[in-house]
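Asks: the sequence and its predicted three-dimensional model are supplied below.
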Amino acid sequence: MTEIHTENPRTLGRGICIITGASKGFGRALAHEVSHSLKAGSVLLLVARSESLLQELKLELQSFTEEQQIVVRCVAVDLSTREGVHETVMVAKQEAGNEMDHVLLINNAGALGDISQFASFTDLDKVNSYLTLNVSSALVLTAGMLQAFPCRPGLRWSVVNLSSVFALQALPSWVLYCTGKAARKMMFNVLAEEEPNVKVLSYSPGPMDTEMQKDIQRLTGAKYHLFPCQESAAKLMKLLLDNEFPSGTHVDFFTV
């Protein structure tokens, strides 16, 4: 994997970073970026469904993270289930006794869903299944992490919501995707209003070279330039290191 990383004296501190959907695509690129910005004694918690892909990623990170004394832990779970969310929170909570000065939760997991006309969605279970993974799971996971790591003096808390331009604009045949992204944006806006000690960012990563984007082009016939995941991950990392955005803001890849 080609990494886009520049040396920077700023860091995310000694903390725990939880990345969902970490096994491939943007989540995988983020794991590489984040690993370079954590101080010794930090924990990188990688969450995805595929145990084998998570272990591959852990091996990729191992030489650097071992040298920097960063612990990489993998949690292979399905976040669309109650059990998957609970296990993720419980594994993270094991680190709550350590002296961390930063908790960073990156809600990256999600799915494209069915691209169909509005009137085709007559199956309640199908709609609920999509919303469970893409909305409810992110809410319950974030709430669980906030309870596991209560805000206190000296603890920096950051939450990233992987968003999309379609959280802001409607697109025909994309009712599930647009609804999920818009709901997540509002959900994390509420968190930003409620919790002044939690820095919240909704980040739209742009059209990246991922399986999802290839599926979109195949299904819609659209053709546009795809950017490397590492390029977008580096922009998100710059935002987090600069830490100058207002909590609750929505930032697009093209404006960074």
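Replies: Cool, got the structure.
Asks: quick check: pLDDT value at Glu244.
Replies: Confidence at Glu244, expressed as pLDDT, is 96.
Asks: how close does it get to Glu194?
Replies: Distance of Glu244 to Glu194, computed by CB to CB, to the nearest Å: 22 Å. Bear in mind the C-beta positions are built from the backbone N, C-alpha and C, glycine included.
Asks: same check, this time on Phe227
Replies: Summarising the geometry, the distance separating Phe227 from Glu194, computed by CB to CB, is 34 Å.
Asks: what do you get for Gly97?
Replies: For Gly97, the distance to Glu194 under the criterion CB to CB works out to 26 Å.
Asks: same check, this time on Leu46
Replies: When CB to CB is the yardstick, Leu46 and Glu194 sit 28 Å from each other.
Asks: who has more neighbours, Gly97 and Glu194?
Replies: Neighbour totals were compared for Gly97 and Glu194, and Glu194 leads with 10 against 7 (other CB atoms under 10 Å).
Asks: ok, now which ones touch the more buried one?
Replies: Applying CB atoms under 8 Å, 6 or more residues apart in numbering, we find Glu194 in contact with no residue.
Asks: for this protein, what spans make up the helices?
Replies: Shown for the chain, the helices assigned by DSSP state H span residues 25-35, 51-67, 82-93, 124-131, 137-148, 175-194, 211-220, 229-242.
Asks: for Asp252, which of those is the nearest?
Replies: helix 229-242 (9.8 Å; CB to CB).
Asks: got the CA positions of that closest one in CSV?
Replies: The C-alpha atoms that make up helix 229-242 are tabulated as CSV, following Å, rounded to 0.1, in the frame of the first residue of the first chain:
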residue,chain,number,x,y,z
CYS,A,229,-8.2,6.4,-0.5
GLN,A,230,-4.8,7.5,1.0
GLU,A,231,-5.2,11.1,-0.4
SER,A,232,-8.6,11.5,1.3
ALA,A,233,-7.3,9.9,4.5
ALA,A,234,-4.4,12.3,4.6
LYS,A,235,-6.8,15.3,4.3
LEU,A,236,-8.9,14.0,7.2
MET,A,237,-5.8,13.5,9.3
LYS,A,238,-4.8,17.1,8.6
LEU,A,239,-8.2,18.3,9.8
LEU,A,240,-7.9,16.3,13.0
LEU,A,241,-4.3,17.5,13.7
ASP,A,242,-5.1,21.1,12.9
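Asks: what angle separates that helix from helix 25-35?
Replies: Counting by axes from the mean of the first three to the mean of the last three CA atoms, to 10 degrees, helix 229-242 lies at 40 degrees to helix 25-35.
Asks: now for helix 229-242, which elements pack on it?
Replies: Secondary structure elements in contact with helix 229-242, counted by 3 or more CB pairs under 8 Å, 6 or more residues apart in numbering; DSSP states H and E, are helix 25-35, strand 156-162, strand 198-204.
Asks: got a pLDDT number for the nearest residue to Thr220 once chain neighbours are set aside?
Replies: Beyond its immediate neighbours in the sequence, the residue positioned closest to Thr220 (CB to CB, 6 or more residues apart in numbering) is Ile115, lying 6.9 Å away. Predicted confidence (pLDDT) at Ile115: the value is 92.
Asks: about what we covered before: need the helices and strands packed on helix 229-242 in CSV with mean pLDDT, can you?
Replies: Formatted as CSV, the entries for the helices and strands packed on helix 229-242 read as follows, by pLDDT from 0 to 100:
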stretch, mean pLDDT
helix 25-35, 97
strand 156-162, 98
strand 198-204, 98
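Asks: reformat these as TSV; add distance to Lys223 and mean neighbour count.
Replies: TSV is the format used below for the helices and strands packed on helix 229-242 (distance: least, CB to CB, whole Å; neighbours: other CB atoms under 10 Å):
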stretch	distance to Lys223	mean neighbour count
helix 25-35	20	24
strand 156-162	23	22
strand 198-204	20	23
